[in-house]
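*Asks:* what follows is a protein structure lacking sequence information:
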């Protein structure tokens, strides 16, 4: 058709395939990952451009295409959303996004369990669609068995949650969580969740991957933790509960950083420029 074709890379399939639980056998996973990686890089040469949603993708795509461009997945700025009728009399903690095992749902629940031993003054909101959907039943079962019904609330479950509703919840949140288990697939990524929390002025706790720790320290927007050390995480949450001024400063730092460096506005301009070059 002579149409211009762009390959938009939003996933690191080489490491992702290796961590898929539904693919059985490590030898087969490794072979499949290598095969996909080879085919992807070979086919990338044929496209008119390759767009990379993470800067570290440059390492594996270098030399594959003459138009290789980073368009990072930063958030849109938005008007202040409509407020919710949310009872706000406890410390509010949020996780938003796809809810899955590899994104740390069990870590979040174990933190809730440990935190509940230390204080009753908190509530965790899990906002997003479960993947797979059957995971929601397991999570609800855990919540009931461990008397966490008043401490953990699920918003979404089997349905996607609209962006506007998530932004409305963010207005009430004191702390965000990104407690992803140790993983070669996630250690180099900078999750979009970071920038969403920062834009909303919410400090966050993230896994202490070296790159994540460097990012958090540079932007002074939160803390990083060992995702398997639930005592440490609960203690850091309690510290932030007792130091609202420090917590507020982290939130302000994050918002300033996003507005200065990490909004979609600049990425949009790069994408428009690419389109203009291709249609000339």
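*Replies:* Arrived safely, thanks for sending. On a predicted model such as this, the values are computed, not experimentally measured, just so you know.
*Asks:* so where do the helices sit in this structure?
*Replies:* Under the criterion DSSP state H, helices of the chain are mapped to 13-18, 26-44, 58-61, 105-118, 135-145, 163-170, 192-199, 210-219, 230-242, 244-261, 264-279.
*Asks:* so which of those helices gets nearest residue 52?
*Replies:* Closest approach to residue 52 among the helices of the chain is made by helix 58-61 (6.4 Å; CB to CB). Placement of C-beta: from N, CA and C, glycine included.
*Asks:* give the buried residues for the closest one.
*Replies:* 60-61 (16 or more other CB atoms under 10 Å).
*Asks:* domain-wise, how is the chain divided?
*Replies:* Split into domains by automatic domain parsing, the chain comes to 6-74+263-279, 91-261.
*Asks:* endpoints of the last one, how far apart?
*Replies:* Looking back up the chat, that one is domain 91-261. 29 Å (CA to CA, to the nearest Å).
*Asks:* could you shift the numbering so residue one becomes 705, and keep it that way?
*Replies:* Right, with 705 as the first residue, what we last looked at is domain 795-965.
*Asks:* quick one: average confidence on it?
*Replies:* Averaging pLDDT along domain 795-965 gives 96.
*Asks:* what is the burial count for residue 914?
*Replies:* By the criterion of other CB atoms under 10 Å, residue 914 has 10 neighbours.
*Asks:* what residues are up against it?
*Replies:* Neighbour list for residue 914: residue 891 [criterion: CB atoms under 8 Å, 6 or more residues apart in numbering].
*Asks:* distance of residue 880 relative to residue 868?
*Replies:* 18 Å (CB to CB, to the nearest Å).
*Asks:* same drill for these two, tell me which one is more crowded.
*Replies:* residue 880 (25 against 10).
*Asks:* so that one bridges to which residues?
*Replies:* When bridges are called by DSSP bridges, residue 880 pairs up with residue 798, residue 908.
*Asks:* which residues touch it?
*Replies:* Taking CB under 8 Å, 6+ apart as the criterion, residue 880 is in contact with 797-800, 897, 901, 906-909, 926.
*Asks:* let's see 6 Å
*Replies:* Under the criterion of CB atoms under 6 Å, 6 or more residues apart in numbering, the neighbours of residue 880 are 798, 901, 906, 908.
*Asks:* returning to that earlier point: and the domains of the chain as TSV, adding distance to residue 786?
*Replies:* Converted to TSV, those look like this (distance: least, CB to CB, whole Å):
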stretch	distance to residue 786
domain 710-778+967-983	22
domain 795-965	6
